[in-house]
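Enquirer: for reference, the sequence and a predicted model appear below.
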Amino acid sequence: MTSKEIRQKFLDFFNEKQHRIVESAPMVVKDDPTLMFTNAGMNQFKDIFLGNRAAKDLRVADTQKCLRVSGKHNDLEEVGVDTYHHTMFEMLGNWSFGDYFKTEAIEWAWELLVDIYGLDPERLYATVFEGDAADKLEADTEAEDLWKKFLPSDRILRANKKDNFWEMGDQGPCGPCSEIHVDLRSDEERKAKPGRDLVNADHPQVVEIWNLVFIQFNRKSNGSLENLPSQHVDTGMGFERLCMALQGKTSNYDTDVFSPLIAKISDLSGIKYTASDNQTDVAIRVISDHIRAVSFAISDGQIPSNSGAGYVIKRILRRAIRYGYSFLDFKEGFMHKLVPILADQMGDAFPELKKQQELIIRVIQEEESSFLRTLDKGIDRFNNHVDSLKGKTIDGGFAFELYDTFGFPIDLTELMAREKGLNVDIQGFNEGLQKQKERSRAATVTESSDWTVLKQDDREEFVGYDLLETDVFITRHRKVTAKGEAFYQLVFNITPFYAESGGQVGDTGYIEANGEKTLILDTKKENDLIIHLVEELPSDAGAVFKAVVNSEKRKATGLNHSATHLLHAVLRNVLGDHVEQKGSLVNPEYLRFDFSHFSKVSDEELTEIEEKVNAQIRANIQLNEKRNVPINTAKEMGAMALFGEKYGDVVRVITFDKDFSVELCGGTHVNATGDIGLLKITSEGSVAAGIRRIEAVTGVVAFDALNSAYTQVNELKSVLKTKNPLKSIQQLQSQIKELQQKIEGFNAKAASGLKDELLAKAVDKGDYKLIAERISLEDSNAIKNLCFDLKKEDGLVALLGVVSNEKPGLYLVISQDLVDSKGWKAGEMIRPLAAHIKGGGGGQPTYASAGGSDINGLETALKVVSSSLE
């Protein structure tokens with residue numbers, strides 16, 4: 001049975017059980033501050049479990065793309081070492097929201113695994129919750145009794161809270177779970193030792209394949225449990241492990257989920273995969289895993305970057321590149337060549353892979369080129385460190401610097417050290433790594449109290465499209481502490497405040513009651529819940545408040561959001577239909593729009609884009625807003641769905657002329673394009689390979705920018721006494737260039753004369769001559785040329801001291817014959833000399849330089865150079 005057939009059978013089975021089959025949510029999470037990535041199938045249903053929204057369907061099933069890089073069994077550095085853990089994985093799942101519970105969940109799981117998939121029931125085990133005295137919970141005998149219909153008692157195991165009690169986090173919905181494990185060992189091994197002894201023991205062939213979670217409690221901030229008003233089922237089955245079991249394999253990597261990728265890696269590297277634990281096989285497994293994580297993230301709109309989710313993706317990609325570089329001898333980019341294999345393999349289930357294939361390839365290819373250059377720099381840094389090393393141990397702090405700055409895994413540093421007969425201070429490296437993890441955890445720690453519910457309200461409603469002021473009451477509030485700062489989150493029954501989403505910043509303003517104003521500092525979304533941030537709670541939290549949005553900020557933001565829609569449409573018109581939005585920021589000051597395009601936008605194209613946007617503004621096109629449009633109807637209207645966004649069954653459609661701009665959008669907009677006034681592009685540049693960014697201003701800000709530029713031009717005309725300041729500036733630049741060339745000529749002549757003068761002062765030291773002089777040259781190019789001229793002299797060492805811009809500098813030259821015969825290295829010898837001027841430096845064996853801050857130390861350095869050569 002192929003992996004495609006296995007996936008489809010799961011979905012068909014639950015479709016027949018009256019489950020609605022839904023699409024996978026994006027792997028990259030946008031509206032949940034507690035998550036960067038979807039790490040479980042239940043994430044997209046979190047609001048239903050939390051009670052923030054009602055379920056539209058009581059039974060749901062899907063296959064969800066997930067990413068885990070931390071937590072139990074998911075340390076990134078371990079992926080690829082074993083055979084069954086991954087970064088990106090698929091989670092097959094079925095859910096019941098207040099409908100069926102344990103009976104159906106267990107019976108259907110057995111029916112699917114045994115009757116449909118044909119797994120040998122003799123190889124299956126089930127675990128149930130054993131109870132917990134601290135939580136005052138009894139053993140889950142209900143699930144235990146249900147399993148007795150299918151399994152003998154010796155294959156139904158009780159397990160503790162750690163393994164068999166699922167919790168969303170420190171607070172929130174939770175409940176006991178029942179895991180299904182499969183024993184994939186040979187008959188001989190099974191006879192020698194029963195599988196029950198290996199369940200939850202991290203055995204690679206006795207693994208959990210399905211977890212049935214029975215959500216029936218809510219964990220409060222004080223640690224106590226309360227019953228939920230409804231009971232839910234949340235199941236998750238690891239797709240890759242299921243394929244391993246059904247395809248008769250003992251490793252996920254041996255299934256057809258990975259085998260096409262592994263075959264391609266082997267072909268590219270010329271190294272055969274043997275399914276062993278050797279370094280080349282580990283490298284192949286790492287690469288085949290990581291290309292999936294990176295490709296899915298990019299298809300969801302997450303580009304590798306230096307912060308947040310983008311940094312995680314960059315780290316995963318660079319880990320794969322490092323393994324290829326170190327163990328498969330890839331010295332050029334190779335990861336991007338795997339994307340077509342992946343798209344062909346998984347593109348039917350996840351069409352974004354095929355539609356975004358070209359972008360994924362370009363982004364990965366650019367990141368590979370960049371990182372391979374960084375690796376070369378890191379290797380140079382390593383070699384310089386080794387050259388100056390005293391002893392046989394690489395400092396742990398330096399090893400961590402290579403890891404943190406240059407992306408070197410510790411095993412690569414150890415490999416390079418062994419090649420030079422050295423070892424690495426692993427304890428020091430681990431200390432640096434632990435400190436980094438502690439800093440990272442401290443920066444993200446957020447503590448929340450339980451919600452204080454003032455009034456029961458089924459659903460918070462946003463009324464801000466129509467109203468900027470309205471009466472509201474607080475339905476609940478809680479205190480939150482983050483980074484040492486305490487604030488409060490408020491939820492209203494209705495709200496005119498727009499919550500940050502879709503690139504648009506959140507509204508600010510105030511609520512007022514009984515003469516007391518409480519400032520709304522920001523408005524955020526936590527999944528579907530709109531949260532208002534305040535410094536202090538109002539004195540009377542139960543009052544009726546007048547909620548007032550900052551209308552000037554909202555208006556200015558609306559100008560930029562509508563202008564973004566116009567810009568998007570014009571970009572597709574001018575550059576081509578391949579242009580798709582890849583990110584945006586809309587605030588009152590400016591707009592930022594990221595889009596797919598594979599070359600720099602020329603000045604001529606930018607002029608055309610700006611002119612066409614402003615033409616649409618002058619046309620004063622009326623806003624056509626439609627709410628609660630069925631998603632399929634919206635697509636038939638021509639509205640574009642963006643990859644990486646999760647849409648509901650009904651959407652809001654924003655149209656400025658049905659033949660020009662039709663988009664799915666929840667943001668705020670102008671009533672007509674003429675309200676925008678003017679758009680002025682302020683910058684265009686690259687964000688990543690295949691991603692360009694345009695920034696622009698609108699309205700009063702745009703007019704102010706033009707007025708400022710106009711004023712500057714008039715001032716230039718006045719200063720230059722010309723009507724054509726551009727021509728005058730070009731003439732001045734030409735004159736400056738000529739003068740610079742003359743100065744360089746004078747410096748070259750001075751340096752030439754200085755060389756003869758210095759050689760005349762050389763002190764004969766027997767087997768070499770020494771120059772140690774302070775010189776008056778300040779031009780760095782002239783000094784360097786002088787040093788290179790001196791380097792041509794045999795048997796010469798020259799240390800030159802200079803002062804440039806009130807800063808001391810040292811230049812050390814050693815002729816090649818002395819480097820060869822005496823082993824002297826200027827790059828090493830300059831460092832102790834630089835200490836006299838309170839600085840540092842380095843360089844090559846024949847030439848090195850150093851800068852410092854203490855001019856008084858120059859003379860000392862020049863005096864002691866002779867003794868350093870003895």
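Expert: Now that the structure is in, tell me what you want to look at. Residues are numbered from 1 along each chain as shown.
Enquirer: so how far is Tyr323 from the nearest residue to Tyr325 once chain neighbours are set aside?
Expert: Distance criterion C-beta to C-beta, 6 or more residues apart in numbering; nearest residue to Tyr325, sequence neighbours excluded, is Leu375 at 6.1 Å. (C-beta placed from N, C-alpha, C; glycine too.) As defined by C-beta to C-beta, to the nearest Å, Leu375 lies at a distance of 12 Å from Tyr323.
Enquirer: these two - which one has more neighbours?
Expert: Tyr323 (24 against 20; other C-beta atoms under 10 Å).
Enquirer: picking that back up, ok so the residue nearest to Tyr325 is a helix residue?
Expert: Yes - counting by DSSP: H, G, I helix; E, B strand; the rest coil, Leu375 is found in a helix.
Enquirer: got a pLDDT number for it?
Expert: As predicted, Leu375 sits at a pLDDT of 83.
Enquirer: and it, how close does it get to Val651?
Expert: Leu375 is 45 Å from Val651, by C-beta to C-beta.
Enquirer: same check on Arg693?
Expert: From Arg693 across to Val651, the span is 26 Å (C-beta to C-beta).
Enquirer: so where's the stretch 51-200 of the chain uncertain?
Expert: The stretch 51-200 of the chain contains residues with pLDDT under 70 at 70-75.
Enquirer: what about the strands in it?
Expert: 59-67, 88-97, 124-129, 156-159, 165-167, 172-183 (DSSP state E, counting those that start in this stretch).
Enquirer: need those strands in a markdown table with distance to Arg418 and mean neighbour count, can you?
Expert: Converted to a markdown table, the strands of the stretch 51-200 of the chain look like this (distance: least, C-beta to C-beta, whole Å; neighbours: other C-beta atoms under 10 Å):
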| stretch | distance to Arg418 | mean neighbour count |
| --- | --- | --- |
| strand 59-67 | 34 | 23 |
| strand 88-97 | 32 | 24 |
| strand 124-129 | 43 | 25 |
| strand 156-159 | 43 | 18 |
| strand 165-167 | 44 | 19 |
| strand 172-183 | 40 | 23 |
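Enquirer: turn those strands into JSON lines, columns for distance to Ala143.
Expert: Below are these laid out as JSON lines (distance: least, C-beta to C-beta, whole Å):
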{"stretch": "strand 59-67", "distance to Ala143": "20"}
{"stretch": "strand 88-97", "distance to Ala143": "15"}
{"stretch": "strand 124-129", "distance to Ala143": "5"}
{"stretch": "strand 156-159", "distance to Ala143": "9"}
{"stretch": "strand 165-167", "distance to Ala143": "12"}
{"stretch": "strand 172-183", "distance to Ala143": "5"}
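Enquirer: what count of nearby residues applies to the residue lying closest to Asp507 once chain neighbours are set aside?
Expert: Sequence neighbours aside, Phe497 is the residue nearest to Asp507 in space, at 4.2 Å (criterion: C-beta to C-beta, 6+ apart). Using other C-beta under 10 Å, Phe497 has 28 other residues around it.
Enquirer: what's the burial count for Arg373?
Expert: 10.
Enquirer: can you pull out the residues in contact with stretch 575-589?
Expert: With contacts defined as C-beta atoms under 8 Å, 6 or more residues apart in numbering, stretch 575-589 is touched by 301, 303, 358, 502-505, 552-553, 556-557, 560-561, 564, 568, 571-572, 591-598, 601, 605, 640, 642-643, 667, 687, 691, 697, 701.
Enquirer: just the buried residues of those residues.
Expert: Among the contacts of stretch 575-589, those classed as buried by 16 or more other C-beta atoms under 10 Å are 301, 303, 502-505, 553, 556-557, 560-561, 564, 568, 571-572, 591-597, 601, 605, 640, 642-643, 667, 687, 691, 697, 701.
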